[in-house]
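# here you go, sequence then predicted model.
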Amino acid sequence: MSVNKQILYTLMSLVCAIGVFYLSIKFQQMAYWGNGLTWFWVGVTFTYLIGLLGIVFFALSFKKSEGEQKYFSSLLISLRTSSILALGIGFLWTTFIIIAGMSGM
């Protein structure tokens, strides 16, 4: 896999991580739609799916073709580190919001 594809997959993973934070804010607001918690759980599901998609992109950024050398640049390493940290913190934040929301209900 070329370096450009590695960077692209890493950037897509980072975009998904940012999406997790954005959706976690949105599903908090969705809890007030309607009478039940249906929209809250729909938002939670979308948030976790975007996070899982980010992990898939992150894993794809490590894939290499046969006979190709693994390439590490400071840009790629910093993007990967930012991506996995953001995804991890996003999953923890989403889980915290769910637990806090359920304890307050």
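Received the coordinates, thanks. Numbering: from 1, shown residues only.
# OK, contacts around Leu13?
Let me fix one detail, which is that residue 13 is Ser and not Leu. Contacts for Ser13 (CB atoms under 8 Å, 6 or more residues apart in numbering) come out as 54-55, 57-58, 61, 83-84, 87. Yep, even glycine has a C-beta here, placed from its N, CA and C like the rest.
# 7 Å - rerun?
Applying CB atoms under 7 Å, 6 or more residues apart in numbering to Ser13 gives the contacts 54, 57-58, 61, 83, 87.
# repeat for Val44
When the contact criterion is CB under 7 Å, 6+ apart, the partners of Val44 are 27, 98.
# that one sits in which helix or strand?
Counting by DSSP states H and E, the element that carries Val44 is helix 38-60.
# identify each buried residue in that helix, please.
Of the residues in helix 38-60, those with enough neighbours to count as buried (16 or more other CB atoms under 10 Å) are 39-40, 43-44, 46-48, 50-51, 53-55, 57-58, 60.
# which one among those residues gets closest to Ser24?
Within these, distances to Ser24 taken as CB to CB reach their minimum at Thr47, with 5.6 Å.
# the helix of greatest length in the chain - what's its average pLDDT?
Looking only at the chain and at elements set by DSSP state H, the helix with the highest residue count is helix 74-103. Confidence over helix 74-103, taken as the mean pLDDT, stands at 87.
# next, count neighbours for Ile98.
Residues near Ile98, counting by other CB atoms under 10 Å, number 17.
# leaving out sequence neighbours, find the closest residue to it.
Spatial nearest neighbour of Ile98, excluding adjacent residues (CB to CB, 6 or more residues apart in numbering): Val44 at 6.2 Å.
# that older thread, ok, the buried residues of helix 38-60 vs Gln29, which is closest?
Gly43 (8.4 Å).
# which residues touch the closest one?
Applying CB under 7 Å, 6+ apart, one finds that Gly43 lies in contact with 23, 26-27, 30.
# and if we set it to 6 Å?
Going by CB atoms under 6 Å, 6 or more residues apart in numbering, Gly43 touches 26-27, 30.
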